[in-house]
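Asks: Okay, here's the prediction I keep looking at, along with the sequence it came from:
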Amino acid sequence: MRGTEVLTRTGASVAGVAQSAAESATAATTAGFRHLAWSWAGVPSGPLGWVSSHWTMPRLHSQLYKVMDRELALQPDDELLEVACGSAYFLAKYAGHVGRVAGLDLSDVQIDLARQRLADRISAGTAEIVQGDAGTLPWPDETFSVVTVMGSFECFPDPEKVLTELHRVLQPGGRAVMNIGEWVEPGTQTHRMLDALWVWSEEDVRRMVEQAGFTDVAMSYASTAVYQLDEFLSKHMGGIAADMRTVHATKA
Ligand SMILES: C[S@@+](CC[C@H](N)C(=O)[O-])C[C@H]1O[C@@H](n2cnc3c(N)ncnc32)[C@H](O)[C@@H]1O
């Protein structure tokens with residue numbers, strides 16, 4: 001083998017090792033970031049989840065709650081289910097006048113706080129907080145007059161299953177008011193960010209909701225920006241963290 005050939009081959013294998021080391025480092029960083037983000041807000045757990053559920057999430061979602069309050073237009077005779085209710089901040093602050101409320105969430109930290117927030121109503125028998133998976137709701141068919149989800153749909157591994165369950169537990173004539181993702185640039189394909197969070201095109205959301213059996217599907221968009229960070233993310237991440245998408249639908 002000639003000297004130049006040895007040098008070329010050695011250079012190629014050093015480059016190959018460097019490239020795979022860089023790829024491994026990137027994968028590890030992505031996995032680490034994903035883990036942190038998931039315990040922070042996906043399914044809050046551990047110290048990060050505690051801080052998020054007790055402190056940051058209610059603040060970061062303050063505008064989201066206001067928009068959902070307006071869109072839901074809850075009435076005293078409603079029977080409301082919030083799936084992925086988190087710490088029940090919305091149920092406690094905006095659904096105090098609603099006859100019966102129920103919330104379901106997967107996270108221990110969130111469930112503990114939700115039960116504390118609604119302790120009086122749980123004792124009075126007008127509220128129920130259940131730990132469980134959004135894809136398998138523990139209520140019989142046609143239990144609720146209104147179902148809602150906010151700030152959470154992006155986390156569900158099988159969103160179609162959740163929609164089917166929401167439709168099942170809704171009474172005929174009942175309404176679903178759901179925040180499903182956010183505005184995206186026209187032409188954006190539905191995909192998952194960091195292998196975890198769904199980003200949906202409007203057409204795919206409509207298709208999913210209709211396939212679950214809902215009718216009268218309508219969508220609107222509203223800003224939930226609380227801090228300038230939201231504006232920055234929106235500008236640099238193709239619409240992510242931009243205007244939230246609210247989906248209204250009914251069960252015939
Ligand atoms: C960003 S938080 C939003 C919580 C609440 N909706 C709010 O706005 O305050 C997302 C919530 O979805 C819950 N979650 C994620 N995946 C879930 C699943 N498969 N079933 C039930 N809850 C889930 C998490 O535990 C977390 O509390």
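Replies: Thanks, I have it.

Asks: tell me the SS of the residue nearest to residue 93 when sequence neighbours are not counted?
Replies: Spatially, and ignoring its direct neighbours in sequence, residue 93 is nearest to residue 65 (6.9 Å; C-beta to C-beta, 6 or more residues apart in numbering). Bear in mind the C-beta positions are built from the backbone N, C-alpha and C, glycine included. State at residue 65, reduced to three classes by DSSP: H, G, I helix; E, B strand; the rest coil: helix.

Asks: Up against the ligand, what does the protein have?
Replies: 41, 43-44, 57, 61, 84-86, 89, 105-107, 110, 133-134, 150-152, 155-156 (C-beta under 6 Å from any ligand atom).

Asks: Go again with 8 Å.
Replies: 41-44, 52-53, 57-58, 61, 64-65, 82-87, 89-90, 104-107, 110, 132-135, 149-152, 155-157, 162 (C-beta under 8 Å from any ligand atom).

Asks: Just those: which are in helices?
Replies: Applying DSSP state H to those, the entries found in helices are 57-58, 64-65, 89-90, 110, 162.

Asks: And those, which two are furthest apart?
Replies: Spatially, the most separated pair among those is 58 and 162, at 22.8 Å (C-beta to C-beta).

Asks: which one of those two has more residues nearby?
Replies: Set side by side, residue 58 and residue 162 show more neighbours around residue 162, with 25 against 18, by other C-beta atoms under 10 Å.

Asks: got a list of what the closest residue to the ligand within the stretch 1-150 of the chain touches?
Replies: Residue of the stretch 1-150 of the chain nearest the ligand, by C-beta to the nearest ligand atom: residue 86 (2.6 Å). Shown in contact with residue 86 (C-beta atoms under 8 Å, 6 or more residues apart in numbering): 44, 53, 57, 105, 107, 110, 114, 151-152.

Asks: hmm, back to that, top of the ones in helices among the residues of the chain next to the ligand by number of neighbours, please.
Replies: Most surrounded of these: other C-beta under 10 Å gives residue 110, at 28 neighbours.

Asks: Please report the number of neighbouring residues for the residue nearest to residue 95 when sequence neighbours are not counted.
Replies: Nearest residue to residue 95, sequence neighbours excluded (C-beta to C-beta, 6+ apart): residue 101, at 5.1 Å. A count of nearby residues for residue 101, using other C-beta under 10 Å, gives 27.

Asks: Can you tell me the element residue 101 falls in?
Replies: In the assignment (DSSP states H and E), residue 101 maps to strand 100-105.

Asks: In CSV, please show the C-alpha coordinates belonging to that strand.
Replies: Extracted in CSV, the C-alpha atoms of strand 100-105 (Å, rounded to 0.1, in the frame of the first residue of the first chain):
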residue,chain,number,x,y,z
ARG,A,100,-70.3,18.2,38.4
VAL,A,101,-66.6,18.1,37.3
ALA,A,102,-64.2,15.2,36.7
GLY,A,103,-60.5,15.2,35.9
LEU,A,104,-58.1,12.5,34.8
ASP,A,105,-54.3,12.6,34.6
